[in-house]
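Asks: I'll drop the sequence and a predicted model, then ask my questions.
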Amino acid sequence: MVNALLPVVLRGAVVRKRGQRLVGPIDLTLDGQGITIILGPNGAGKTTLLRAMHGLERVASGRLEWAIPDAQAHQAFVFQTPIMMRRSVLDNLSYPLRLAGRAQSDVVTAAQDAARAIGLQDKLNLPAPRLSGGEKQKLALARALICAPQVLFLDEPCASLDGPATREIEAVLQQAKADGTRIIMSTHDIGQARRLADEIVFMVSGRVVQTGPAQAFFEAPETTQAAAFLNGDIVE
Amino acid sequence: MNEIAQGVEAAFWLLVTFDRDLAEIALRSLQVTVTAVLIASLIGLPFGAWLAVRRFRYRRLAIAVLNALMGLPPVVVGLIVYLLLSRSGPFGVLGLLFTPTAMIIAQVIIVAPLIASIAHQSTRELWAEYHDLLISLNASRWQRIKTLLWDGRRALITAALAGFGRGIGEVGAIMIVGGNIDHATRVLTTAIALETGKGDFALALGLGFVLIGLALAVNIATHMLSRTEREGKW
């Protein structure tokens, strides 16, 4: 399946905030299919890189280009702390479809189907802010996927979830991948990266240290920092 | 104390006997203020939300001016509206002076900044919560404003009620532009001012209690209809 948005190319891309360099300069090209995991210790700049790729942060210098100009319209983002709108579960799921101008009958059917897919079909009329942490993250993921984005960004989606909730989220991600969605996700959880990643982008201190296929990264890391991170050492 | 007791008694008899004059001025009070609050809400609520989502050079100054306008002296507003609507003024040809419409215009000017400012405060907090999501979902500016107004509607009802509270108790501006004409522009507040001037404190107090009761009834009815207490958390 061809993804019209890709490749995304970053050349010397730098993100700054109040004059301070947060990330960069970064040279990176993401193409193809599957799941790319942006891996690295806390403070490595994983979230900032994801946000910059999605257009939530401005690239101060260098360039960041998608294959088509309005790429953001075909992407979705799941935040580390799920943002729940002050509406019911059904209305949260319906919201992106309504924004896209879909017909009312389609909206309700699609939202009900999405709720069923994540096991929230019995909570459709509950206020979304009252859901548990795991349910909120599943709802955020389903809401992100409901418009069938070509690229899905996830910022440490399982950071505060327990084992069963993490397993459910990962199952949804595997299904999305099988459906052709290109997934770019950050995590500092090596185990989750091993389970999900097709490709690894390893970051330390705002820079990309190593990229490549996941299997090669885990079996034979090319840099001392990557090897140290995989060994469980503190990497700065 | 004796006058307060007499006021309560006067209010009681005015209500029990369903005094026609009282009903007329109470209804006019409601008509003027409710209309003014509806118009002010149509202006103030979207403007407050727009101010929350839009970034522009003089935004802070605009917010400071808006907040300052909350304290507009009604008498000054009344005077300006009077000059604009008087025969020699730019809108004199419309013949609106000393009509309920002139009173509504004055109240809109007094109430709209209050509603816009409170709306801005509450939508700004909601915008901080929704910012990343709405940008990510590619919502247009108008879609963002509509979303903030809908999801923040319970706080915005409070903004409208604050506007109603300011409008229903206002006397200076509507006295100037309305003229307190019997069976034409007399409302509860101007009637209270008139009766006080005449020295009929009991009747003035009675009207005052009716005014307080009216304001309370509107607030309670709005809260009940909007179910603010039952679903206030979302």
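Replies: Yep, that arrived. Residues are numbered from 1 along each chain as shown, chains lettered A, B, ... in the order given.
Asks: can you say which helix or strand has B:Leu134 in it?
Replies: helix B:100-136 (DSSP states H and E).
Asks: now the element after that helix, going C-ward?
Replies: Next along from helix B:100-136, by DSSP H and E: helix B:141-151.
Asks: may I have that following helix as PDB, with CA atoms only?
Replies: Taking C-alpha atoms only, helix B:141-151 is exported to PDB below (Å, rounded to 0.1, in the frame of the first residue of the first chain):
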ATOM      1  CA  ARG B 141     -10.800  28.900  13.700                       C
ATOM      2  CA  TRP B 142     -14.600  29.100  13.600                       C
ATOM      3  CA  GLN B 143     -14.800  25.300  14.400                       C
ATOM      4  CA  ARG B 144     -12.500  25.900  17.400                       C
ATOM      5  CA  ILE B 145     -14.700  28.800  18.600                       C
ATOM      6  CA  LYS B 146     -17.900  26.800  18.200                       C
ATOM      7  CA  THR B 147     -16.300  23.900  20.100                       C
ATOM      8  CA  LEU B 148     -15.200  26.100  23.000                       C
ATOM      9  CA  LEU B 149     -18.600  27.700  23.200                       C
ATOM     10  CA  TRP B 150     -20.400  24.400  23.200                       C
ATOM     11  CA  ASP B 151     -18.100  22.600  25.700                       C
END
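Asks: just want the angle from the helix or strand just after that helix to helix B:100-136.
Replies: Counting by DSSP H and E, the next helix or strand C-terminal to helix B:141-151 is helix B:153-168. Angle, helix B:153-168 to helix B:100-136, by axes from the mean of the first three to the mean of the last three Cα atoms, to 10 degrees: 160 degrees.
Asks: the residue nearest to B:Asn138 when sequence neighbours are not counted: neighbour count?
Replies: Among residues not flanking B:Asn138 along the chain, A:Ala73 sits closest, at 5.1 Å (Cβ to Cβ, 6 or more residues apart in numbering or on different chains). Any C-beta I mention is one placed from the backbone N, CA and C, and that applies to glycine too. Applying other Cβ atoms under 10 Å in any protein chain shown, we find 14 residues neighbouring A:Ala73.
Asks: thought B:Ser136 was touching A:Ala73, still the case?
Replies: No - using Cβ atoms under 8 Å, A:Ala73 makes no contact with B:Ser136, being 10.6 Å away.
Asks: who's A:Ser61 bridged to?
Replies: Per DSSP bridges, the residues bridged to A:Ser61 are A:Val14.
Asks: any idea how far chain B is from it?
Replies: As defined by Cβ to the nearest Cβ, to the nearest Å, A:Ser61 lies at a distance of 22 Å from chain B.
Asks: OK, contacts around that residue?
Replies: The neighbours of A:Ser61, taking Cβ atoms under 8 Å, 6 or more residues apart in numbering or on different chains as the test, are A:12-14, A:24-25.
Asks: what subset of the residues you listed is buried?
Replies: A:13-14, A:24-25 (16 or more other Cβ atoms under 10 Å in any protein chain shown).
Asks: and those residues as CSV, adding distance to A:Glu199?
Replies: Formatted as CSV, the buried ones among the contacts of A:Ser61 follow (distance: Cβ to Cβ, whole Å):
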residue, distance to A:Glu199
A:Ala13, 18
A:Val14, 23
A:Gly24, 20
A:Pro25, 21
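Asks: and of the residues you listed, the nearest to chain B?
Replies: Here the nearest of those to chain B, counting by Cβ to the nearest Cβ, is A:Ala13; it sits at 19.1 Å.
Asks: name the nearest residue to the closest one, ignoring sequence neighbours.
Replies: The shortest distance from A:Ala13 to any non-neighbouring residue, by Cβ to Cβ, 6+ apart, is to A:Gly62 (4.0 Å).
Asks: in chain A, which spans are helices?
Replies: A:46-54, A:89-99, A:104-117, A:133-145, A:163-178, A:190-196, A:214-219, A:224-230 (DSSP state H).
Asks: nearest to B:Thr33, of the ones you listed?
Replies: Nearest of the helices of chain A to B:Thr33, taken as Cβ to Cβ: helix A:89-99 at 33.3 Å.
Asks: show me how far the closest one is from its chain's centre.
Replies: Counting by Cα atoms, centre = their mean, to the nearest Å, helix A:89-99 is centred 20 Å from the centre of its parent chain.
Asks: list the contacts of residue 162.
Replies: Since you didn't name a chain, this refers to chain A. A:Asp162 makes contact with A:Gly134, according to Cβ under 8 Å, 6+ apart.
Asks: chain B, not that one
Replies: Applying Cβ under 8 Å, 6+ apart, the residues near B:Ala162 are B:114-115, B:118.
Asks: same check on A:Phe153?
Replies: Contact analysis of A:Phe153 by Cβ under 8 Å, 6+ apart lists A:50, A:53-54, A:75-78, A:184-185.
Asks: if we can go back for a sec, lowest-confidence entry in the buried ones among the contacts of A:Ser61?
Replies: Lowest pLDDT of the buried ones among the contacts of A:Ser61: A:Gly24, 76.
Asks: isn't it up against A:Ala13?
Replies: Yes - judged on Cβ under 8 Å, A:Gly24 makes contact with A:Ala13 at a distance of 5.3 Å.
Asks: what touches both of these two?
Replies: With Cβ under 8 Å, 6+ apart as the test, A:Gly24 and A:Ala13 both reach A:61-62.
Asks: tally of neighbours for the residue in chain A that chain B sits nearest to?
Replies: Residue of chain A nearest chain B, by Cβ to the nearest Cβ: A:Pro127 (3.8 Å). The burial count assigned to A:Pro127 is 18, neighbours taken as other Cβ under 10 Å.
Asks: now do the contacts for the closest residue to A:Leu161 other than its chain neighbours.
Replies: Nearest residue to A:Leu161 in three dimensions, chain neighbours excluded: A:Gly134, at 5.2 Å (Cβ to Cβ, 6+ apart). Counting by Cβ under 8 Å, 6+ apart, A:Gly134 touches A:161-162, A:164-165, A:168-169.
Asks: and stretch B:169-179, average pLDDT?
Replies: 93.
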